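Visitor: got a sequence here, can you build the structure:
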Amino acid sequence: MPSPLNGHTALVTGATGGLGSAIARRLAADGATVALAHLDDDRTAAKLAASLPAAVSLEADLRDAEAVRSLCQQARDELGPIDILVSNAGAYPRRPWTETTPTHWDDALATNLTSHYLLAHELSPSMTAAGWGRIITIGSVLATAGRHDLTGYISAKAGVEGFTRALARELGPAGITANCVAPGSIRVPAEDTVVDDSEAMTARQLARQCVQRRGRPEDVAAAVAFLATDGTGFITGQTLRVDGGWILG
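Guide: Predicted coordinates for the structure are as follows:
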């Protein structure tokens, strides 16, 4: 059987992180050519690109409009038109509400919300011209569940869901779908730098879920790959939670 994404080209942001690299590998395995966007991680990005059949690595600060414009142009120059955008890059700054300054707030929104706008705004015209496109944003179940010390991040992720629904309305007539994948508690290496007692944290998390295991990056990648295919052209404006049944309803 032919690979489901043969002939398509994807841009994956945050491609060197646990989620981004799994997404990039899955899209490549399904036949897509992949542009790997990262920030200050040349070695990891180059290694990942070398492991994939057809990929390039590109660096950009996605908070900067001109940098995003340059990134998208480089990707097009290297690989041709981009018809799948996986807008995954973000940051998870933990800070008590009482210590959250306007600067912290602005940075959280620029990193975790405005970057999605900049990328979609830059790439959607060529998708519109082609009459086909897939825009997949990465949100978080915390937009629904809430959590202390993450006000800016959670506000931005809630904004991502609203942005994605608005984008579905704007771009649906052009044959472009826009959906959000909202991961739950996914086991990634970066977790080790922010969790003091991983066993206790895992026990608390499993008590919230229906499925009694931690999520894996590959679980998120499978959802993204599904939404990127031709067969999902009638699914748009949705948030698909990949959380083991943490949030129901």
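
Visitor: contact partners for N179?
Guide: N179 sits next to 135-137, 164, 168, 227, 235-240 when contact means Cβ atoms under 8 Å, 6 or more residues apart in numbering. For the C-beta atoms, the positions are set from N, CA and C on the backbone; glycine is no exception.

Visitor: that one falls within a strand, correct?
Guide: Yes: secondary structure assignment (DSSP: H, G, I helix; E, B strand; the rest coil) places N179 inside a strand.

Visitor: give me the pLDDT for P93.
Guide: Confidence at P93, expressed as pLDDT, is 84.

Visitor: circling back to that earlier point, out of the contacts of N179, which are buried?
Guide: Buried subset of the contacts of N179 (neighbour count, 16 or more other Cβ atoms under 10 Å): 135-137, 164, 168, 227, 236-240.

Visitor: from C210, how far out is the residue most central in space within the chain?
Guide: For the chain, the residue nearest the mean C-alpha position is N88 (2.1 Å; Cα atoms, centre = their mean). Look at N88 and C210: by Cβ to Cβ, to the nearest Å, they are 25 Å apart.

Visitor: since we're on S70, how many residues are nearby?
Guide: Around S70 there are 15 other residues, counting by other Cβ atoms under 10 Å.

Visitor: with A46 instead?
Guide: Applying other Cβ under 10 Å, we find 15 other residues in the vicinity of A46.

Visitor: look at the residue nearest to it when sequence neighbours are not counted and report its pLDDT.
Guide: Leaving aside its sequence neighbours, A46 sits nearest to S57 (Cβ to Cβ, 6 or more residues apart in numbering; 5.6 Å). We have a pLDDT of 97 for S57.

Visitor: with V194 instead?
Guide: Value for V194, per-residue pLDDT: 64.

Visitor: kindly report the same for the one 4 residues further on.
Guide: pLDDT recorded at S198 is 78.

Visitor: count the neighbours of R213 for me.
Guide: Around R213 there are 12 other residues, counting by other Cβ under 10 Å.

Visitor: got it, and the one 5 residues further on?
Guide: With neighbours defined by other Cβ under 10 Å, the count for E218 comes to 14.

Visitor: cool, L11 as well?
Guide: 26.

Visitor: tell me the contacts of it?
Guide: Residues in contact with L11 (Cβ under 8 Å, 6+ apart) are 34-35, 37, 72, 75, 82, 84-86, 119, 123.

Visitor: how much space between G146 and L71?
Guide: 33 Å.

Visitor: which single one of the contacts of N179 is nearest to R214?
Guide: Ranked by distance to R214 (Cβ to Cβ), the contacts of N179 are led by L240 at 18.5 Å.

Visitor: please tell me how far that closest one sits from Q209.
Guide: For L240, the distance to Q209 equals 16 Å [Cβ to Cβ].

Visitor: same thing with A65?
Guide: According to Cβ to Cβ, A65 and Q209 sit 39 Å apart.

Visitor: with V34 instead?
Guide: For V34, the distance to Q209 (Cβ to Cβ) stands at 31 Å.

Visitor: please apply the same query to D42.
Guide: D42 is 37 Å from Q209, by Cβ to Cβ.

Visitor: which residues in the chain form strands?
Guide: For the chain, the strands defined by DSSP state E cover 9-12, 33-38, 55-59, 84-87, 133-138, 176-183, 239-242.

Visitor: mind putting these in JSON lines, distance to R26 included?
Guide: Output for the strands of the chain, formatted as JSON lines (distance: least, Cβ to Cβ, whole Å):
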{"stretch": "strand 9-12", "distance to R26": "10"}
{"stretch": "strand 33-38", "distance to R26": "10"}
{"stretch": "strand 55-59", "distance to R26": "13"}
{"stretch": "strand 84-87", "distance to R26": "10"}
{"stretch": "strand 133-138", "distance to R26": "12"}
{"stretch": "strand 176-183", "distance to R26": "12"}
{"stretch": "strand 239-242", "distance to R26": "13"}
